[in-house]
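Enquirer: Build me a structure from this.
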Amino acid sequence: MRNKIMLRAVALVVFGSLATSPIQTQSQNSVPPPPPNVIKYTHDLDSSFIRMPLPPGQEVYGRLQGDHMKDYVNQIVAFSLKDRDEGNLLWGRTAGTKNDVLVEDWVAAKFKEFGLQDVHKQSFDLPPQWFPTSWGLTATGSGRTLTFKTLRASGKALPAGGLDLEPVWVGLGTEADFANCKDVNGKLVVIWSEPTPGVISNSAQWMGSVKRAADKGAAAVLINVAIPGNYQIQVAPSPNSAQGLPTFTMGTEDTNALRTLMEKGPVKVHAEYTMEMRSGLTDSSVWGILPGMTDEDVIITAHHDAVFTGALDNASGMAVMVGLAEYFSKIPKAQRRRTIKFVTTAGHHNGSFGTLWMHNNRSTFLAKTALIINVEHVSVVQTNIRAGYEDPSPVVRYSDNIDSRRWWIYGSSKLASIVMGDWKMFGVTIWDTMEPECAGDIQHVQTDAPTVQVLESPIFYHTDMPEIVPAPGLEAVARAYAKIIDDINKVDRKDLLEVAPGSRDQGSQ
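Expert: As a prediction, this is how the structure comes out:
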């Protein structure tokens, strides 16, 4: 994601002729009870995802097994859970921290195990990094005091000892919403933000709700990205973000509890939040190389830092990258036309320093690059939002389908035809149109060489445990990328490059 500082749907209710249908006998606000003696069958999603059969002649790619790569996902997530259990507020695989270094060491060990050459770390100095040191929020009213287990904080710190604030509910935070509210100057503005489709893009962001609150003098903001449940969400990990406002986030259940308390009468909120900027930190890309028969190269990247568990973002991508390194290491050098460079890149959530270095050295480092493949957010279960039955509140429902992916191809129509054909062959589902620009970790190099990626955007990021990363999705993407590399190795580099400067000549499925 582009410097991913916004972390972590919309329920469509249709009214109209249905409301006056003569066959409608139930109240619109009621749900008929289930018939008696109905058996509630269960459905095991993990064993039900569709695996594309290997086409005749493509059996070699069967060596890329999703269950094996899923084990890599679990191993990577374990570093995040270790960081959480050590009590870090900004937990995960945070760039510059010791548990992120452990991930780097894990990747380097895998590269060495597979016999890759020139396995090394490439270190980068990080600018001063934001770390929260404490936060808290209590709401008191109508004889009750509430605390909130999903609370997070970011942005500018509050004064020592915190502040006592009056909360003001502004809905989506549009100008119309603020017009219907009393003065918000010096108060805590509570914003209900819709995920579209996920936390990376939510309505508080694209409607300018936080800036509007700041312009009207709010002392702090509280954002709920309205995903059903009670997800812990980190928004804007920077003291300069959110127009300098102290910015809290909470899950939907916690926010609903606060709103219910506000509806009963006056509420006072006591908010505390401190943070510090840490200097002198470094983060490293980890390289491993499989020499080919020529000095042209293919580069496979996957960033290793993560917020929270990060099973999708980006343990899924790292697992596929490591799986591809393992796969190609067993193919004789004589059958590899081009050198393959594997790199887990540094500081994605802090500026993508690993790929920025590639861009800054593009005239030499990328001078003979035939293709860059970015492996990021590659497999997640498809989810749906719908009302419940016993409880009509919206809930997240999981399916036995793998979510479709955003995608990007930069290069010739010949390259696009290969890529899209191989995605289709192995069942890599994609959106209807290509993104207008490349998101993800290769944004810096998106037009410095031929580039390719698929990238999933579910309703949630980062609080993603391995259970929502289907093994068949890892398998499909890994097999497609392996075949793409084999197929482009039959094509001269000049025929993979973009046809004309500034064009977007795309192939078709």
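Enquirer: can you tell me which strand in this structure is longest?
Expert: In the chain, with assignment by DSSP state E, the single longest strand is strand 129-141.
Enquirer: Report the mean confidence score over that strand.
Expert: Strand 129-141 shows a mean pLDDT of 95.
Enquirer: any weak-confidence spans in the chain?
Expert: 1-34, 197-200, 235-243, 388-390, 461-463, 499-509 (pLDDT under 70).
Enquirer: All the helices of the chain, residue numbers only.
Expert: 66-85, 98-113, 175-179, 203-206, 209-215, 252-264, 317-329, 353-360, 362-365, 413-425, 471-488 (DSSP state H).
Enquirer: Mind giving me the packing neighbours of the second one?
Expert: This means helix 98-113. Packing contacts for helix 98-113, counted by 3 or more Cβ pairs under 8 Å, 6 or more residues apart in numbering; DSSP states H and E, involve helix 66-85, strand 92-93, strand 117-125, strand 282-290, helix 317-329, strand 339-345. Quick note: C-beta positions are derived from backbone N, CA and C, even for glycine.
Enquirer: if we can go back for a sec, now find how far off-centre the longest strand of the chain is within its chain.
Expert: 24 Å (Cα atoms, centre = their mean, to the nearest Å).
Enquirer: and Asp297, what does it touch?
Expert: By Cβ atoms under 8 Å, 6 or more residues apart in numbering, Asp297 lies in contact with 338-341, 368-370.
Enquirer: List only buried entries from those residues.
Expert: Buried subset of the contacts of Asp297 (neighbour count, 16 or more other Cβ atoms under 10 Å): 338-341, 369-370.
Enquirer: Out of the contacts of Asp297, which two sit at the greatest distance?
Expert: Farthest pair in the contacts of Asp297 (Cβ to Cβ) is Ile340 and Lys368. Separation: 13.0 Å.
Enquirer: which residues in the stretch 401-509 of the chain form strands?
Expert: Counting by DSSP state E, counting those that start in this stretch, the stretch 401-509 of the chain has strands at residues 406-410, 451-455.
Enquirer: Deepest in the core, which of those is it.
Expert: strand 451-455 (a mean of 26; mean count of other Cβ atoms under 10 Å).
Enquirer: Convert that one to CSV, retaining C-alpha atoms only.
Expert: This file holds the C-alpha atoms of strand 451-455, laid out as CSV (Å, rounded to 0.1, in the frame of the first residue of the first chain):
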residue,chain,number,x,y,z
THR,A,451,6.3,-5.0,-13.4
VAL,A,452,3.5,-7.3,-12.3
GLN,A,453,1.4,-7.8,-9.2
VAL,A,454,-1.9,-9.0,-7.8
LEU,A,455,-3.0,-7.6,-4.5
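Enquirer: I'd like to know which of the strands of the stretch 401-509 of the chain is closest to Leu116.
Expert: It is, among the strands of the stretch 401-509 of the chain and with distance given as Cβ to Cβ, strand 451-455, at 21.5 Å.
Enquirer: Just list what the closest one packs against, helices and strands only.
Expert: If contacts are counted by 3+ Cβ pairs under 8 Å, 6+ apart, strand 451-455 sits against strand 369-375, strand 406-410, helix 413-425.
Enquirer: Turn those into CSV, columns for distance to Leu496.
Expert: Formatted as CSV, those follow (distance: least, Cβ to Cβ, whole Å):
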stretch, distance to Leu496
strand 369-375, 6
strand 406-410, 10
helix 413-425, 5
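Enquirer: just those: most buried one?
Expert: Using mean count of other Cβ under 10 Å, strand 369-375 ranks as the most buried of the helices and strands packed on strand 451-455, with a mean of 27.
Enquirer: Give the other helices and strands that that one contacts.
Expert: Partner elements for strand 369-375 (3+ Cβ pairs under 8 Å, 6+ apart): strand 297-303, helix 317-329, strand 451-455, helix 471-488.
Enquirer: which residues are in contact with the third one?
Expert: In this case it means strand 451-455. Here strand 451-455 makes contact (Cβ under 8 Å, 6+ apart) with 371-378, 405-411, 415, 419, 423, 428, 430, 438-440, 442, 445, 477, 484.
Enquirer: hmm, try it at 6 Å
Expert: For strand 451-455, contacts defined as Cβ atoms under 6 Å, 6 or more residues apart in numbering pick out 372-374, 376-377, 405-410, 419, 440, 442.
Enquirer: Ok, the last one next?
Expert: Outside helix 471-488, the residues that touch it by Cβ under 6 Å, 6+ apart are 49, 51, 61, 64, 66-67, 69-70, 298, 320, 323, 327, 371, 373, 378-379, 402, 418-419, 422-423, 426-428, 496.
Enquirer: Would you confirm that Ala108 contacts Ser285?
Expert: No: Ala108 is beyond contact range of Ser285, at 10.7 Å (criterion: Cβ atoms under 6 Å).
Enquirer: Who has more neighbours out of those two?
Expert: Taking neighbours as other Cβ atoms under 10 Å, Ala108 and Ser285 compare with Ser285 leading, 24 against 19.
Enquirer: ok, back up a step: figure out which of the helices and strands packed on helix 98-113 is closest to Gly208.
Expert: Nearest to Gly208, of all the helices and strands packed on helix 98-113, is strand 92-93, at 28.4 Å by Cβ to Cβ.
Enquirer: elements contacting the closest one?
Expert: helix 66-85, strand 306-307 (3 or more Cβ pairs under 6 Å, 6 or more residues apart in numbering; DSSP states H and E).
Enquirer: ok, now with 10 Å
Expert: Applying 3 or more Cβ pairs under 10 Å, 6 or more residues apart in numbering; DSSP states H and E, we find strand 92-93 packed against helix 66-85, helix 98-113, strand 306-307.
Enquirer: can you list the ones you listed in JSON lines and add distance to Trp206?
Expert: JSON lines is the format used below for those (distance: least, Cβ to Cβ, whole Å):
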{"stretch": "helix 66-85", "distance to Trp206": "29"}
{"stretch": "helix 98-113", "distance to Trp206": "31"}
{"stretch": "strand 306-307", "distance to Trp206": "21"}
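Enquirer: just these: most buried one?
Expert: With neighbours taken as mean count of other Cβ under 10 Å, these reach their highest mean count in strand 306-307, at a mean of 26.
Enquirer: Throw the helices and strands packed on strand 369-375 into TSV and include distance to Thr364, thanks.
Expert: As requested, the helices and strands packed on strand 369-375 are exported to TSV (distance: least, Cβ to Cβ, whole Å):
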stretch	distance to Thr364
strand 297-303	12
helix 317-329	24
strand 451-455	18
helix 471-488	22
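Enquirer: do you know which of the helices and strands packed on strand 451-455 lies nearest Asp177?
Expert: Per Cβ to Cβ, nearest to Asp177 of the helices and strands packed on strand 451-455: strand 406-410, 30.2 Å.
Enquirer: Could you save the contacts of strand 451-455 as JSON lines and add columns showing distance to Pro470?
Expert: Compiled in JSON lines, those are given as follows (distance: Cβ to Cβ, whole Å):
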{"residue": "Ile372", "distance to Pro470": "26"}
{"residue": "Ile373", "distance to Pro470": "20"}
{"residue": "Asn374", "distance to Pro470": "20"}
{"residue": "Glu376", "distance to Pro470": "16"}
{"residue": "His377", "distance to Pro470": "13"}
{"residue": "Arg405", "distance to Pro470": "13"}
{"residue": "Arg406", "distance to Pro470": "18"}
{"residue": "Trp407", "distance to Pro470": "18"}
{"residue": "Trp408", "distance to Pro470": "22"}
{"residue": "Ile409", "distance to Pro470": "24"}
{"residue": "Tyr410", "distance to Pro470": "28"}
{"residue": "Val419", "distance to Pro470": "22"}
{"residue": "Gly440", "distance to Pro470": "20"}
{"residue": "Ile442", "distance to Pro470": "24"}
